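Student: Need a 3D model of the sequence below.
(2 chains)
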Amino acid sequence: MLTPDSQSKTSSKDIASITGTEYKYGFETVIETDDAPRGLNEDIIRFISLKKKEPAFMLEWRLKAYRNWLKMSEPTWASVNFNPIDYQDIIYYSAPRKKPVLKSLDEVDPEILKTFNKLGIPLSEQKLLSGVAVDAVFDSISVATTYKDKLAKIGIIFCSITEAIQKHPELVQKYLGSVVGYKDNFYAALNSAVFTDGSFCYIPKGVKCPMDLSTYFRINNADTGQFERTLIIAEEGAQVNYLEGCTAPQRDNNQLHAAVVEIVALDSADVKYSTVQNWYAGDKNGVGGIYNFVTKRGLAHTNAKISWTQIETGSAITWKYPSVILKGDNSKGEFYSVAVTNNHQQADTGTKMIHIGKNTHSKIISKGISAGKSSNAYRGMVKIDKKATGSRNYTQCDSLLIGKECAAHTFPVIEAKNNITQIEHEATTSKISEDQLFYCQQRGINEEDAVAMIVNGYCKEVFKELPMEFAVEAQRLLDISLEGSVG
Amino acid sequence: MLKIKALTVNVEGKPVLNGVNLNVNPGEVHAIMGPNGSGKSTLSNVLAGKSEYQVISGKVQFSGNDFLTLSPEERALQGLFLGFQYPVEIPGVSTENFLRTALNEKLKYEGKEELDAFDFQQLLSEKLQQINMDKSMTDRSLNQGFSGGEKKRNEILQMLVLDPKLTVLDEIDSGLDIDALKQISLGINQYKSEKNAVILVTHYQRLLNYITPDFVHVLMNGRIVMSGDYTLAQQLEEKGYEWIQAEPAVA
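Tutor: Residues are numbered from 1 along each chain as shown, chains lettered A, B, ... in the order given. Next comes the predicted model:
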């Protein structure tokens, strides 16, 4: 297992010299403001770490990540095009002006609550009764975490990563970067250096989380880069369903979103992670929109299971490959994905299933839907190690095209290093046929509703993996995303 | 109800219908027969508003309205139902869900209250019973993996649920065994009333053993060359279409 500490040992003297420098550069001037100045350098990272009241090991880790990032360059292999990002023109830390009080929802800034209500985020009492615990992230600060106390009684920790770093540093130090190391890739390195918040979830040995855990992320301030870091740890035999919803208001400037999600599933643990991503996709002409460059990976130990379900409808550019490292024998990995692109959206998404343990199983169901002038690529890797005998993978990769100007690409890579392994790959590309549309119209259903219905049917296999409430939201988002895609 | 006047239609620049005239009144059953390539399916599709057909001249009125300017869904909502010769498959969309959406569109159009899932299920099971069909079929994806007979039965079920004013059934009898044919005929006979009308488009006479048409028309080379009562169908069965070709046109 790669851990940052095993990769490079930094002596305590180095730490002292690094942390010691923070005062030299006249921090006082920036500390007084809530936003960091534009740009990125070691001082900004110290500022973030200081703002977050982090222990020394975190700052050290961030700086190591930053120094590595400086030596890296943006990956260019993805099938997406965009103008170069000026990383010095981004604000890396922004906190709400009025610091929210966490004791009760009533004390949260009403403006913030209003925004959440507009988004339909289940923070209200009725929603709470439905049994969803919510950790809401507004820009970079966790606003309210509900149900935390109830969960704490059975040993579950569900809080912001900032709080986890302060209160549970031993867990953070042990697991942060253990699945996605700070050297992993350009965006993961950037995230490791500058992440400002995110969620933390710890399910102790043998505990089945009695409710779905849910986080809503939202980018609010213009020009704010959002770098969440999520860490989920399920100990032996633990079980959890984790839901993440994303949405962003309309903005003209492109905003960078580079998140990292790490899942650790110890022996026989079962983690199911579902995302509905609806960041602002830009307008019809492709102006604006979020750049969503995300690294998500899970590490499955013996008999553990990690399942990713994602519904991707937003973002101008999506670059995202939720993966599972099937390290332990008999471990299982699943990836269910619906990626919809319309207008000028570009998505390059898929998964990696790395089979290391014996008798490991993985399943990939990917549904790509392209409309307008968009481009949608599935990129997947199934790698079966020499020792991973008796392993199996099933991949089904379907593309649906709507209209004549969109594109769909499939880039599957299969690597099998032993011959007692079974791999199946099925791929289809289809169009919504004129005959299907005419049939629906003849029954009184207009073209736009017919497209929505056909697409929803097409995605059913993936939707059924989502919890009921999420599935309904996903369908609604799909309908909205495809508006104006016909005619 | 339906008035077709001198309808001339091209497909990819070639004339397929050549001045078709037809009047259909409520309570009537018309059979349109003809050999392959005579324009039978074109007529059904033009009525329903399929886009690849160019109407060159002529008129189609439905309940007094000019039908040719309307979109396919508008025509459906006004009460036209087309039973397809080759019903399409829609994976992942159950027949029940599809049909409820369609019915609610119609109810909405008529200014009536839409049915919730519960009320709809009740209606659906009544209609299923009428034609001895099993509920499990409507839980499956629309027409996906259905046999030819099941697809046709599914069309009849949809007709019963949507209860249109005018039903056009395009070769509903093709590829059916005798049991399926009986089942479908049962559905059509239960649907028939003084208020609605049926046009059966068919190649063969055997369907007409179960549903007695009031009028039989023979469509050849894009026009109706002969019209008569039920006995005309029997004559066709005995003598074949060549018999008419030999006769002078009497449209």
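Student: tell me, how many neighbours does A:Ile384 end up with?
Tutor: Counted by other Cβ atoms under 10 Å in any protein chain shown, the residues lying close to A:Ile384 total 27. C-beta: built from backbone N, CA, C; applies to glycine.
Student: Sorry, slip of the keys, the one I care about is B:Lys112.
Tutor: B:Lys112 is flanked by 10 other residues according to other Cβ under 10 Å.
Student: again with A:Leu477
Tutor: 21.
Student: A:Val240 too?
Tutor: Count around A:Val240 with other Cβ under 10 Å applied: 26.
Student: so it makes contact with A:Tyr202?
Tutor: No. Assessed by Cβ atoms under 8 Å, A:Val240 is found out of contact with A:Tyr202, at 9.5 Å.
Student: anything in contact with each of those two?
Tutor: Common contacts of A:Val240 and A:Tyr202 (Cβ atoms under 8 Å, 6 or more residues apart in numbering or on different chains): A:Ile232.
Student: Grab the nearest non-local neighbour of A:Ala234.
Tutor: Spatially, and ignoring its direct neighbours in sequence, A:Ala234 is nearest to A:Ala269 (3.7 Å; Cβ to Cβ, 6 or more residues apart in numbering or on different chains).
Student: Just want the residue of chain A that's nearest chain B.
Tutor: Closest to chain B within chain A is A:Gly457: 2.9 Å, counting by Cβ to the nearest Cβ.
Student: Contacts only, for that residue.
Tutor: B:90-93, B:141.
Student: Run through who's touching the helix or strand harbouring B:Val218.
Tutor: Applying DSSP states H and E as the criterion places B:Val218 in strand B:215-220. The contact list for strand B:215-220, computed with Cβ under 8 Å, 6+ apart, reads B:20, B:22, B:28-35, B:38-40, B:43, B:208, B:224-230, B:232-233, B:236, B:241, B:244-245.
Student: Partner strands of it and their direction?
Tutor: Here strand B:215-220 is paired, per DSSP bridges, with strand B:29-33 (parallel), strand B:223-228 (antiparallel).
Student: Could you say which of these is packed most deeply?
Tutor: The highest mean neighbour count among the strands paired with strand B:215-220, using mean count of other Cβ atoms under 10 Å in any protein chain shown, belongs to strand B:29-33: a mean of 24.
Student: Give me the contacts around the following helix or strand past that strand.
Tutor: Using DSSP H and E, the helix or strand that follows strand B:29-33 towards the C-terminus is helix B:40-48. Identification of contacts with helix B:40-48 by Cβ under 8 Å, 6+ apart yields A:438, A:442, B:2, B:7, B:9, B:11, B:16-17, B:20, B:32-34, B:53, B:55, B:60, B:67, B:72, B:75-76, B:80, B:82, B:85, B:168, B:170-171, B:199, B:201, B:203, B:219.
Student: Let me know the angle separating helix B:40-48 from strand B:215-220.
Tutor: 110 degrees (axes from the mean of the first three to the mean of the last three Cα atoms, to 10 degrees).
Student: Whichever residue of the stretch 1-150 of chain B sits closest to chain A and A:Thr349, how far apart?
Tutor: With Cβ to the nearest Cβ, the shortest gap between the stretch 1-150 of chain B and chain A falls at B:Gly92, namely 2.9 Å. B:Gly92 sits 21 Å away from A:Thr349, going by Cβ to Cβ, to the nearest Å.
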